[in-house]
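# 3D, please:
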Amino acid sequence: MAVTDILKLTGIRGIIAQKMMESLEKTAQLSFFCDVDVSALVAARGSWKSAGAKVGYEDLIAKAVSRVLPHFPVFNGVETPAGIELHDEYHIGCAIALPGALVAPAVFNVERLSVPDIAERRAELLARAKINKLTIAELTGATVTLTNLGLTRVEHFTPILTYPQQTIIGLGRIAPKPWVAEDGETLVVRPVMGLSLTVDHRVIDGGPAGDFLTRLARYLESAEGLSAEG
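Predicted coordinates for the structure are as follows:
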């Protein structure tokens, strides 16, 4: 078998590789998965489009996460030498794939922002990431991370924690699927999204992780307060 090239883990790729190994070495990572009927979320995004705002699903989900996190303070924790610091501000890291690199800069204080504001700030981060103009504070300030593979065929995956964070949420593709309606009997076709959650099992047990994922899924299924109408 002929060798066509050698990929060296140096530069930015080397730093990413080092951070990934550090995350796996320092934490006990455990992942959970579920499917979500995102009919209401699709409608919420449509309402913003009708209102003239360019909003993505990731923006809506970031807002939803900021509303679920207050019920699960440890999920918004960051490990330090003194222990796990619990924060009451929600800085959501949004993973961005660049040529040869992966970064997850923070949208700060998502709990204070409207959905269009989140979309605007995330778009700004993406633009500056492409020209290597992100700040150290943005690159290191997230307390929870979202990573999105929704443009691929991937439905569920096991995202690696962005150490020292305790929580990362993975967004899979949205696709039409059979779904049992609210009456418990009728089979319908709904837009369904795969949702993944990885936590540090040293700090977060399976029960709370399941509760968090369930609460987030139900919030996304209701999309309460996420549409342009409020």
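# and the spatially most central residue of the chain, how far is that from I136?
Centroid-nearest residue in the chain: L146, 1.7 Å away (criterion: C-alpha atoms, centre = their mean). L146 sits 20 Å away from I136, taking C-beta to C-beta, to the nearest Å as the criterion. No exception for glycine: its C-beta is placed from N, CA and C like everyone else's.
# Over to I169?
From I169 to I136 the distance is 24 Å (C-beta to C-beta).
# got it, and T162?
Distance of T162 to I136, given as C-beta to C-beta: 15 Å.
# Specify which residue of the two has the higher count of neighbours.
Taking other C-beta atoms under 10 Å, T162 and I136 do not tie; T162 has more neighbours (25 against 7).
# my guess is that one contacts T145, does it?
Yes: counting by C-beta atoms under 8 Å, T162 touches T145, with 4.7 Å between them.
# what number of residues lie near I174?
The burial count for I174: 18, using other C-beta under 10 Å.
# what does I131 give?
Number of residues near I131 (other C-beta under 10 Å) recorded here: 7.
# Equivalent analysis for F212, please.
23.
# can you check the one 5 residues further on too?
The burial metric for A217, expressed as a neighbour count using other C-beta under 10 Å, is 20.
# mind listing what's buried in the host helix or strand of Q18?
Assigned by DSSP states H and E, Q18 belongs to helix 11-26. Buried positions in helix 11-26, judged by neighbour count with 16 or more other C-beta atoms under 10 Å: S23.
# Repeat that for stretch 37-45.
Buried, per 16+ other C-beta under 10 Å, within stretch 37-45: 37-38, 40-42, 44-45.
# Format those as a markdown table; extra columns: distance to N76, pLDDT and secondary structure.
As requested, these are arranged in a markdown table below (distance: C-beta to C-beta, whole Å; pLDDT from 0 to 100; DSSP: H, G, I helix; E, B strand; the rest coil):
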| residue | distance to N76 | pLDDT | secondary structure |
| --- | --- | --- | --- |
| D37 | 26 | 98 | strand |
| V38 | 24 | 98 | coil |
| A40 | 25 | 98 | helix |
| L41 | 22 | 98 | helix |
| V42 | 27 | 98 | helix |
| A44 | 24 | 98 | helix |
| R45 | 25 | 98 | helix |
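# can I assume L60 is in contact with L41?
Yes: in this structure, L60 is within contact of L41 by C-beta under 8 Å, at 5.9 Å.
# gap between A181 and P191?
Distance from A181 to P191, by C-beta to C-beta: 14 Å.
# Which one of the two is surrounded by more residues?
A direct count of neighbours by other C-beta under 10 Å for A181 and P191 places P191 higher, at 17 against 11.
# Mind giving me the packing neighbours of the helix or strand hosting that one?
In this structure, P191 sits in strand 187-200 according to DSSP H and E. Applying 3 or more C-beta pairs under 8 Å, 6 or more residues apart in numbering; DSSP states H and E, we find strand 187-200 packed against strand 29-37, helix 39-50, strand 167-180, helix 206-222.
# can I assume T162 sits in a strand?
No: under DSSP: H, G, I helix; E, B strand; the rest coil, T162 sits outside any strand and is assigned coil.
# any idea how far G14 is from it?
With distances taken as C-beta to C-beta, T162 is found 17 Å from G14.
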